[in-house]
Each structure stands twice: as C-alpha cells, then as structure tokens.
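1. please work out how this folds:
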Amino acid sequence: MRVLAIRGATTASSNKREDILNETATLINKIITNNNLESDDIISMCFTMTKDLDAVYPAVAVRENLGLVDIPLLNFEEKYIVGSLEKCIRVIMYINSDKNKRVIFIRSEYRKSSMCRRS
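-> Residues are numbered from 1 along each chain as shown. Predicted structure coming up:
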C-alpha cells in the first residue's frame, strides 16, 4: 500500500459559517466518493482558506457535518497574493491506498482560475 495525496478546492459564496461548512462538506464528500475511499483510508487532511474567509474553520465541517472525528486535521490561512482567487477553500488529503486518485475542483470560479491549471 502506498501513501497518496489528493488535492481539491472550492469557493464559498460568502463568509458565512453555513456557506463555508456546506462547501467544505461537499468538497470532502466528492473526494471520498470519487476516489472510493473509506474513512480508514484517510490519514489526515490539511485545509487552507483565503484571508476573506474567517467565520469558521473548514475542519469543523469534517468533524460536525461528516462525523469524521478520528482523522487529524489542520487549518491554515493561505498567503494573500494580489489578484488571486477569493473565498477559496483548498484541501490536501493524505490517504493509504493502492487505488488511483482523482483530484476534485468544485464551482466554476475555481476551475476558471489560473490557479488550478496543471503544469
């Protein structure tokens, strides 16, 4: 079995607790579903949010909305860059798996951003 890192991102429509929690839960659910993961496959998750989101930590959605309470979670504020995407929530999820991974980007604002182009 190998360790993989799956990244994903979305944007919140506002800096409201409900919006941040809903978008985060949707993102994590899609990563889990699209990668056929079980909670035991997940090692940890690290979240970043842009500075304009400060109503709640995204990890709260994983604990309270999804019930994943035994997974280490970290939250960080992303460095501000002039002209970068606003209200953005990003995650990197570390997993144990022999499966292929699928990166998840939600919401058209993120997909259109130059920040998500593959190099």
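2. CA only for contacts and neighbour counts going forward, please
-> OK.
3. report all helices and strands that the top helix by length along the chain contacts.
-> Longest helix in the chain, counting residues (DSSP state H): helix 17-34. If contacts are counted by 3 or more C-alpha pairs under 8 Å, 6 or more residues apart in numbering; DSSP states H and E, helix 17-34 sits against strand 2-11, strand 104-105.
4. so what are the sheet partners of the helix or strand just after it and their directions?
-> Following helix 17-34 in sequence order, the next helix or strand is strand 42-49 (DSSP states H and E). Applying DSSP bridges, strand 42-49 is found paired with strand 73-77 (parallel), strand 88-97 (antiparallel).
5. residues in contact with the helix or strand just after strand 42-49?
-> Once the chain leaves strand 42-49, the next helix or strand it forms, by DSSP H and E, is helix 59-60. With contact meaning C-alpha atoms under 8 Å, 6 or more residues apart in numbering, helix 59-60 is reached by 21, 47, 73-75.
6. which one of those residues sits closest to D41?
-> Ranked by distance to D41 (C-alpha to C-alpha), these are led by L73 at 14.4 Å.
7. give me the nearest residue to D19, chain neighbours excluded.
-> A12 (5.9 Å; C-alpha to C-alpha, 6 or more residues apart in numbering).
8. wait, that neighbour touches R90, no?
-> No: A12 lies out of contact with R90 (C-alpha atoms under 8 Å); the separation is 10.9 Å.
9. so how far is M1 from the spatially most central residue of the chain?
-> With the centre of the chain defined as its mean C-alpha position, the nearest residue by C-alpha atoms, centre = their mean is V91, 3.1 Å away. Taking C-alpha to C-alpha, to the nearest Å as the measure, V91 falls 22 Å from M1.
10. if anything else comes up later, I'll come back, but that's it for now.
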